[in-house]
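Colleague: Sequence plus predicted model, see below.
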There are 2 protein chains.
Amino acid sequence: MKLSEAEWKAMNIVWRKAPVSARDVLEDVECETGWSYSTVKTILTRLCDKGVLSMRKRANTSYFAPKLSENQARKSAIRNLLDNAFDGTFGSLLQHVAKEEKLSNKDRDALAEMLRELDERKRSAS
Amino acid sequence: MKLSEAEWKAMNIVWRKAPVSARDVLEDVECETGWSYSTVKTILTRLCDKGVLSMRKRANTSYFAPKLSENQARKSAIRNLLDNAFDGTFGSLLQHVAKEEKLSNKDRDALAEMLRELDERKRSAS
DNA sequence: TATCTTCTGCTACAGATGTAACACATGGGC
DNA sequence: GCCCATGTGTTACATCTGTAGCAGAAGATA
């Protein structure tokens, strides 16, 4: 499932706060995006059409919840990035990151954590 | 600079083989995409309009070369991914990768390489 | 030079995306 | 029960993207 930029913004709120109304989402992104209520509504409706969100009505208000998990969406996004820009492989991406990107200390910590995890898994697998 | 999927396919060829004609590109992607000559031409023209490619005519044929480097494009792509899906941080991405994605041995090697590089740089910086 | 091949520039059109207005429905407060 | 605020569904429209056809220009070939 491919999400557009606007859809990611909406989904990021839905994942954190589901079930949410259109107004809830609006309040959350208003400052950042300047969207109108209508815009939010349209985006959420389209996400329902795509099967990414479910909608349930309570009184006259619709509440939205994710049908696609954040992890699923993230996996797809990474896959797309790899396919478009990195020969389809993580290796290529990681190499680029190592050579070209500046990592913050926080990022470095995350990386260390990642290694621990990988190591652990390798150990328990063998 | 944001590239679409079709544009990535074209650019991946241009970066490897510049300067290229539309036909060169076509021959390279034809099997994979089934594009017609016209389609390739349109994509290349649009990339020129966007300032991503330069065009030079020799005889009656146009040859295209990148104005945007692959690294630049990759950086943008990564940035977009991070902003959309990972709180804008590498840390978040790497954490996801560690927890959720299966890495091949090759990927693991690339990762090790990445660590060596990072380590080296840290060492020479301190 | 007449013709064939190939390239260019222009035009087209459907679907996705960003953004929003508007008319109408309705639940909640008075 | 009536009105208002808020929500809904519908429609709109510009831009971007995917995909391609066509007419005319210009090398290439005989």
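Modeller: Yep, that arrived.

Colleague: Please tell me the pLDDT value assigned to residue A:104.
Modeller: On pLDDT, residue A:104 comes in at 77.

Colleague: Also the one 5 residues further on?
Modeller: Note for residue A:109: predicted pLDDT of 73.

Colleague: give me the element it is part of.
Modeller: Assigned by DSSP states H and E, residue A:109 belongs to helix A:105-125.

Colleague: Buried residues, that helix. List them.
Modeller: A:107, A:110-111, A:114, A:118 (16 or more other C-beta atoms under 10 Å in any protein chain shown). The way it works is simple: take the backbone N, C-alpha and C, and place the C-beta from them, glycine included.

Colleague: Between which two of those residues is the distance greatest?
Modeller: Largest separation among the buried residues of helix A:105-125 by C-beta to C-beta: A:107 and A:118, giving 16.3 Å.

Colleague: Quick check: mean pLDDT of the host helix or strand of residue A:96?
Modeller: Following DSSP H and E, one finds residue A:96 within helix A:90-100. Across helix A:90-100, the average pLDDT comes to 85.

Colleague: Give the buried residues for it.
Modeller: A:90-98.

Colleague: is it anywhere near chain B?
Modeller: Yes: shown here: helix A:90-100 in contact with chain B (C-beta under 8 Å from any C-beta of the partner chain) through A:90-100.

Colleague: and residue A:59, how many neighbours does it have?
Modeller: Counted by other C-beta atoms under 10 Å in any protein chain shown, the residues lying close to residue A:59 total 6.

Colleague: got it, and residue A:69?
Modeller: Residue A:69: 10 neighbours (other C-beta under 10 Å).

Colleague: Report pLDDT for it.
Modeller: Note for residue A:69: predicted pLDDT of 98.

Colleague: Starting from DNA strand C, give me the distance back to residue A:64.
Modeller: 15 Å (C-beta to the nearest atom of the strand, to the nearest Å).

Colleague: average pLDDT for the helix or strand that residue falls within?
Modeller: For residue A:64, the host element (DSSP H and E) is strand A:61-66. Mean pLDDT, strand A:61-66: 97.

Colleague: residues near residue A:87, how many?
Modeller: So residue A:87, with other C-beta under 10 Å, has 12 neighbours.

Colleague: That one in helix, strand or coil?
Modeller: Secondary structure for residue A:87, judged by DSSP: H, G, I helix; E, B strand; the rest coil, is coil.
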